[in-house]
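# Need coordinates for the below:
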Amino acid sequence: MDSLFWLELIADTVLLWAAGKLCGIRRRYFRILAAGLIGSGYTLLALFFPPAAALPGKVASLALMLLAAYGGEKQLWRPGLAYLFLCAVYGGVAAGGIVAAGTGAGAGVGVLRRVSAG
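Modelled structure (predicted):
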């Protein structure tokens, strides 16, 4: 559980920083770290309280993270979309790495193998 917290904290913080860089927004590292803490806290909440993992909980978590990281921005949707795009890229790279390594870690890997096998 503590590894999951740290992994999520690092991933959220790096992805939020990269989203701000991609949008050309001045990044305040303390605020981005606070947003990463919100994201990793949400992960633990969803782990122990599964109804929080539903779509409204995810949207609320994203909104809180964006407000914490970029609250003073006029167009808050820009870093939000950049963050979601970077999360999708990160997830795709991670899934591709699992498939390429052939470790079979996770239930979705079998589906990915069947799709890639044609």
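# switch to C-alpha atoms for all contacts and neighbour counts from now on
OK.
# Run a quick neighbour tally on residue 55.
Residue 55: 10 surrounding residues under other Cα atoms under 10 Å.
# Residue 23 too?
By the measure other Cα under 10 Å, the count of residues near residue 23 is 14.
# all numbers from here: first residue = 8
In the new count, where the first residue is 8, that last one comes out as residue 30.
# Was I right to think it contacts residue 89?
Yes - Residue 30 is in contact with residue 89 according to Cα atoms under 8 Å; the separation is 7.4 Å.
# which secondary structure elements does the helix or strand residue 96 falls within contact?
According to DSSP states H and E, residue 96 maps onto helix 84-108. Judged by 3 or more Cα pairs under 8 Å, 6 or more residues apart in numbering; DSSP states H and E, helix 84-108 is in contact with helix 9-30, helix 62-77, helix 115-124.
# so it versus helix 62-77, what angle?
Interaxial angle, helix 84-108 versus helix 62-77 (axes from the mean of the first three to the mean of the last three Cα atoms, to 10 degrees): 110 degrees.
# Nice, that's everything, thank you.
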